[in-house]
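Colleague: No letters, just coordinates:
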């Protein structure tokens, strides 16, 4: 992560970055004891940009690490599961899904105040603009094709042989997710949003049959990927907090929200006419994923059954996540200093989801 579009470029020095001097000293001792000794003082900088689990760049001598921790304060049930992130990173080592090397998990809050894990820093580019400015049409096309390829590789992982048989439950993924995110939304609700109320009623009544159970990421998007410094090749998939066993087509539909949903300050592809040359349409990207995952591709693309339902569900889930960020902003413990602005996007996300639900019918 070494260019101006990366979180590392937005890092700020500790202790202002979220660790006080006592915590930094305890972290120094933990790294020397568990990861390895190093020369000199420990350097810690918080990454600005993550909405959920605070993330830090840690310089331990000549070695650069990344620390992901639970935020301080009272947390929603089952949220901020850094332990699950660490587990899935360990399970995917050596697979066709590129991930950073997971180094150590610490569940003792006496060290820095909450559970955290350490992983190797992944060198490369984190791209935050979906339009990929400055690239040629061929480069843009190659980067999007690579995202489809890696998603297909993820959904082909033999999760049983990698020790993830109890990482989630088989079947009824959407039903369980609807229950979870409805409860999370209610726990963080600050005002009535009519579109969310309609989705909470409509989605459980129209759940389609699940095709298969696979390992899913839950937040597979451009800025959670590290690309090679010079090639259209993903070298690391980041932020596995929402990973579980689930429906791969729902997971892929979330990835495709960029073509549907405008997120304010988060640049997406929604509303761009025409798309920058080389950026695939939604249908073309779906076809790329279908080819990579061995699904049939029709002449007009590769429509996935119940596609609009999957989109509506993902917009509901995203709105619930955004509402949690808004709640934490009000409570003063959001990971991102701009989190308060997310509250204004919850209604837009929910309304776009309800529009997709109506299109599904």
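Modeller: Done, it's in. Please read these numbers as outputs of a predicted model, since none were measured by experiment.

Colleague: C-alpha only now, for contacts and for neighbours.
Modeller: Fine.

Colleague: Would you confirm that residue 130 contacts residue 267?
Modeller: Yes: at 6.4 Å, residue 130 counts as touching residue 267 under the criterion of C-alpha atoms under 8 Å.

Colleague: Tell me which of the two has more neighbours.
Modeller: Neighbours around residue 130 and residue 267, counted as other C-alpha atoms under 10 Å, are more numerous at residue 130. The numbers are 19 against 14.

Colleague: List the contacts of the more buried one.
Modeller: Applying C-alpha atoms under 8 Å, 6 or more residues apart in numbering, we find residue 130 in contact with 222, 258, 267-269.

Colleague: how much space between the spatially most central residue of the chain and residue 237?
Modeller: The geometric centre of the chain, computed from its C-alpha atoms, lies nearest to residue 219 (C-alpha atoms, centre = their mean), at 3.0 Å. Per C-alpha to C-alpha, to the nearest Å, residue 219 is found 10 Å from residue 237.

Colleague: And for residue 223?
Modeller: Using C-alpha to C-alpha, residue 223 is found at 9 Å from residue 237.

Colleague: Checking my notes, residue 218 in a strand, right?
Modeller: No: when classified by DSSP: H, G, I helix; E, B strand; the rest coil, residue 218 is found to be coil rather than part of a strand.

Colleague: is it true that it touches residue 240?
Modeller: Yes: using C-alpha under 8 Å, residue 218 makes contact with residue 240 at a distance of 7.4 Å.

Colleague: pLDDT value on residue 344, please?
Modeller: Confidence per residue is given as pLDDT, and for residue 344 that number is 77.

Colleague: same thing with residue 107?
Modeller: You'll see residue 107 listed with a pLDDT of 92.

Colleague: Could you do the one 10 residues further on as well?
Modeller: Residue 117 carries a pLDDT value of 97.

Colleague: could you measure it against residue 66, distance?
Modeller: 8 Å.

Colleague: again, but for residue 114
Modeller: To residue 66, residue 114 is 16 Å away according to C-alpha to C-alpha.

Colleague: likewise residue 275?
Modeller: When C-alpha to C-alpha is applied, the distance between residue 275 and residue 66 equals 35 Å.

Colleague: Which of the two has more residues huddled nearby?
Modeller: With neighbours defined as other C-alpha under 10 Å, residue 275 and residue 66 compare such that residue 66 has more, 23 against 14.

Colleague: So residue 223 is in contact with residue 127, correct?
Modeller: Yes: at 5.6 Å, residue 223 counts as touching residue 127 under the criterion of C-alpha under 8 Å.

Colleague: Tell me where the model's unsure across this protein.
Modeller: 1-18, 49-51, 72-80, 264-266, 298-303, 333-340 (pLDDT under 70).

Colleague: biggest helix in it, by residue count?
Modeller: When the chain is scanned for its longest helix (criterion: DSSP state H), the result is helix 307-331.
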